[in-house]
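[1] Dropping a prediction and its sequence here:
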Amino acid sequence: MSNDAATAIPAVDIPQPHQEQSAPTRGLGASLPSADAPAKAEGTFPYASDLWAEGLLWAAILRSPHAHARIRSIDTSAAAAMPGVRAVVTHEDVPGDSSYGRNIADRPVFAADVVRHHGEALAAVAADHPDTARLAAAAIIVDYEILDPVTDPEQAFSAPPLHPDGNLIRHIPLRYGDPEVSGEVIVEGLYRIGRQDPAPIGAEAGLAVPRPDGGVEIYTASTDPHTDRDLAAACYGLPPEQVKIVVTGVPGATGDREDPGFQIPLGLLALRTGAPVKLTATREESFLGHAHRHPTLLRYRHHADAEGRLVKVEAQILLDAGAYGDASSASLAAAVSFACGPYVVPHAFIEGWAVRTNNPPSGHVRGEGAMQVCAAYEGQMDKLAAKLGLDPAELRMRNVLATGDLLPTGQTVTCPAPVAELLEAVRDAPLPQLPRDTPADDWLLPGGPEGAGEPGAVRRGVGYALGMVHMLGPEGTDEVSTATVRVQDGVATVLCAAVETGQGFATLARQIVQEVLGVGEVHVAPVDTDQPPAGAATHSRHTWVSGGAVERAAKMVRTQLLQPLAHKFGMSTELLQITDGKITSYDGVLSTTVAEALEGKELWATAQCRPHPTEPLDDAGQGDAFVGLAFCAIRAVVDVDIELGSVRVVELSVAQDVGRILNPAQLATRIEAGVTQGVGAALTENLRTPRGLVRHPDLTGYALPTALDAPAIHIVRLIEERDVVAPFGAKAASAVPVVTTPAAVASAVRAATGRPANRLPIRPQSAVVTLNS
């Protein structure tokens, strides 16, 4: 590889499954670009931080500098007396519910008696200038009695209750098979997963505007606007119809955006002052205010026979929920359910707990629960392979899951599960060339061109991982979405409260309408809570549920369009087809354009999509808890400087179960982004919280991977085996490579060093090898 090639942006190879056919230019299967891409590239796209209103006030939030403390008193008099300050609010000023939560209402709007984590909100200020608001917040005097924080989740079981609801949020004991069974070969492992931050490119921001009816409108980048509206209304003591959430541009979302802890104080200040109030969080406030990935401690024991076939898996999984437990129940359910991975395991006994500590709150981050266990069970598979003297890929191949097999929860895998084909694809892909030991290729060394390493200390490793995620909400979540499609003057408009977070839903909605109606110009209306609910932008649910609702509404409009023509020619609408903007009959008698058929008409229809129901896990961890599953295989190639412990990811080969490719360019982008996020979790991203205090809450201290850290990403195979119960047959795209990548990188580091690599992110000392002299 030349130096010129080396300095280029890492390549992403996209397989073309239908090269013999010309690619469609619109509709499903086309690489239709995002409608807002030019504005975002030019910097003219409006985000919440860009909004303005006449008579605008600025908000600031006072946050606790302590992880655990009793509040003796809060004195706001000095802040309220400052010139330019219009309002100061604390827990005493919350007119409705004092606590909120999307799943568990255990988090106070403002701390009242006790501070439970670093950065917890204590008060909020509105002033006529942002600097005045921040100075006023700093002038609030809080008298604390500092308490010892509980930061080790294992200590939470015996520690005094940190919350009125106790320290244990949920316990799931999974029992599957015979507990007395034992394998001929047994390996054990202890694994630790760090605290990954979503680190959105744009920090939280919002604008709240009071309404004449005594309500409030909040303009913010919510990813679940109707739930956020309901939470805010309950805290304000208002009916939901008096609170409106208007979704602005979303500047990055790999987890929940705009935590209600930002929105609720903002609207409260607008109601108190009767004026528009704007809040723009600093990066430090963003780190302190939103939820992170659950740090996890995992203990595993794998049993196998002499041929390497799994016999039993035993595991203990402990999730650190931080101070509040909002999203931890669902994360724990995923962790316990997928604790054995995409492998056939006849007997499984898993104990899972989620507990409160005085660490920052944990919540939804892409691949929650599944990512943590993937790193652990794949570490176990590497240990088994080493103990049995088997190739790691071969050991995995002997145990892979397939359609018709049972999960340890007792649920039958009814969706396509081509795990063996995925593993085969990455195993057989060509390996990258070894770097040459010449000064011209120093840049190839771990640590980069200015690194201190020596070529002779570099070892190459190849590792494998198989990952899986669930789609849609688990355990009986009522997944439903509503969409309206309206066509007037040949232009179609989609109204659906599914938030475009960067996952491509707005583009998909346009493609669906193009496909069904043959209309070229399709617009997606802005999202607000005046529209019917569509649910949260998580677990790839909008592709399935909201996309399904758009398709059904578009088909209803299609029927309205074709019925007059079918009646005129004495045939059924099923005998008419729309292709490339033309309506034709099966016999060629009818041929007209969609534009001509629509002339002078306004057609519209509203439809819902609700997948088949699931059920909660029972007392033994059994139940059909998931609507669908998606799978991924990744082979990682790394170079490790065994003297310094520095790691360079050379290449990641990806094979993924995608169901159906709806937009090839978007799919490749989602996979590339997921893989890169996984590289960060594997090597660099760890929000450190000694004694519960967030250290370096900024993008200097928190090391996100950059373009220079991204490896070559080769998508070697995309398997299009449609899930028949899913609209269009498509599956999750971006979560499963996030889940799988860290485990693959850790597997490759083990291969290079012989070290356990049982902690994520992998620390340099974990990759150092002491050589005997």
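    Yep, that arrived.
[2] CA only for contacts and neighbour counts going forward, please
    Fine.
[3] ok, for Ala465, nearest residue in space, not its chain neighbours?
    In space, and not counting its chain neighbours, Ala465 is closest to Ala744: 4.6 Å by C-alpha to C-alpha, 6 or more residues apart in numbering.
[4] Quick check, that neighbour in contact with Arg635.
    Yes. Ala744 is in contact with Arg635 according to C-alpha atoms under 8 Å; the separation is 6.2 Å.
[5] shared neighbours of the two, anything?
    By C-alpha atoms under 8 Å, 6 or more residues apart in numbering, Ala744 and Arg635 have these common neighbours: Gly463, Tyr464, Ala465.
[6] what about the second one, helix or strand, and which?
    Right, the one you point to is Tyr464. strand 458-471 (DSSP states H and E).
[7] That strand pairs with which strands?
    strand 628-641 (antiparallel) (DSSP bridges).
[8] what about the strands in the stretch 501-650 of the chain?
    Residue ranges of the strands in the stretch 501-650 of the chain, as given by DSSP state E, counting those that start in this stretch, are 522-524, 576-579, 582-585, 591-593, 602-609, 628-641, 647-657.
[9] What helices and strands are in contact with the last one?
    Packed against strand 647-657, as judged by 3 or more C-alpha pairs under 8 Å, 6 or more residues apart in numbering; DSSP states H and E, are the following elements: helix 419-428, strand 628-641, strand 712-719.
[10] Format these as a markdown table; extra columns: distance to Leu32.
    Shown next, in a markdown table, are these (distance: least, C-alpha to C-alpha, whole Å):
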| stretch | distance to Leu32 |
| --- | --- |
| helix 419-428 | 27 |
| strand 628-641 | 24 |
| strand 712-719 | 19 |
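[11] Single out the most deeply packed of those.
    The highest mean neighbour count among the helices and strands packed on strand 647-657, using mean count of other C-alpha atoms under 10 Å, belongs to strand 628-641: a mean of 27.
[12] Quick one: distance of that strand to the chain centre.
    Relative to the chain's own centre, strand 628-641 is displaced by 18 Å; criterion: C-alpha atoms, centre = their mean, to the nearest Å.
[13] pLDDT on it, on average?
    Per-residue pLDDT over strand 628-641 has a mean of 96.
[14] hey, C-alpha coordinates of that strand in CSV?
    C-alpha atoms of strand 628-641 as CSV (Å, rounded to 0.1, in the frame of the first residue of the first chain):
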residue,chain,number,x,y,z
GLY,A,628,-37.9,-9.7,15.3
LEU,A,629,-34.1,-10.3,15.4
ALA,A,630,-31.2,-9.2,13.2
PHE,A,631,-27.7,-10.7,13.0
CYS,A,632,-24.2,-9.7,12.0
ALA,A,633,-20.8,-11.3,11.7
ILE,A,634,-17.5,-9.2,11.8
ARG,A,635,-13.9,-10.2,11.3
ALA,A,636,-11.4,-7.7,12.7
VAL,A,637,-7.8,-7.4,11.8
VAL,A,638,-5.6,-5.4,14.2
ASP,A,639,-2.0,-4.5,14.7
VAL,A,640,-0.9,-4.3,18.3
ASP,A,641,2.4,-2.8,19.6
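[15] Now do it against helix 419-428: the angle between them, please.
    20 degrees (axes from the mean of the first three to the mean of the last three C-alpha atoms, to 10 degrees).
[16] Show me the beta-bridge partners of Ala483.
    Beta-bridge partners, per DSSP bridges, of Ala483: Cys496, Ala607.
[17] same thing with the one 5 residues further on?
    Each beta-bridge partner of Gln488 is listed here, defined by DSSP bridges: Val491, Glu602.
[18] That one: neighbouring residues, count only.
    14 (other C-alpha atoms under 10 Å).
[19] same deal with Asp213?
    Neighbour tally, Asp213, other C-alpha under 10 Å: 7.
[20] With Leu174 instead?
    Counted with other C-alpha under 10 Å, Leu174 comes out at 22.
[21] Do I have it right that it meets Gln622?
    Yes. The criterion here is C-alpha under 8 Å, and Leu174 meets it with Gln622 at 6.9 Å.
[22] what do these two both touch?
    With C-alpha under 8 Å, 6+ apart as the test, Leu174 and Gln622 both reach Pro408, Thr409.
[23] Show the low-confidence segments of the protein, by residue range.
    Residues of the chain that meet the criterion pLDDT under 70 lie in 1-23, 255-258, 435-443, 448-452, 771-773.
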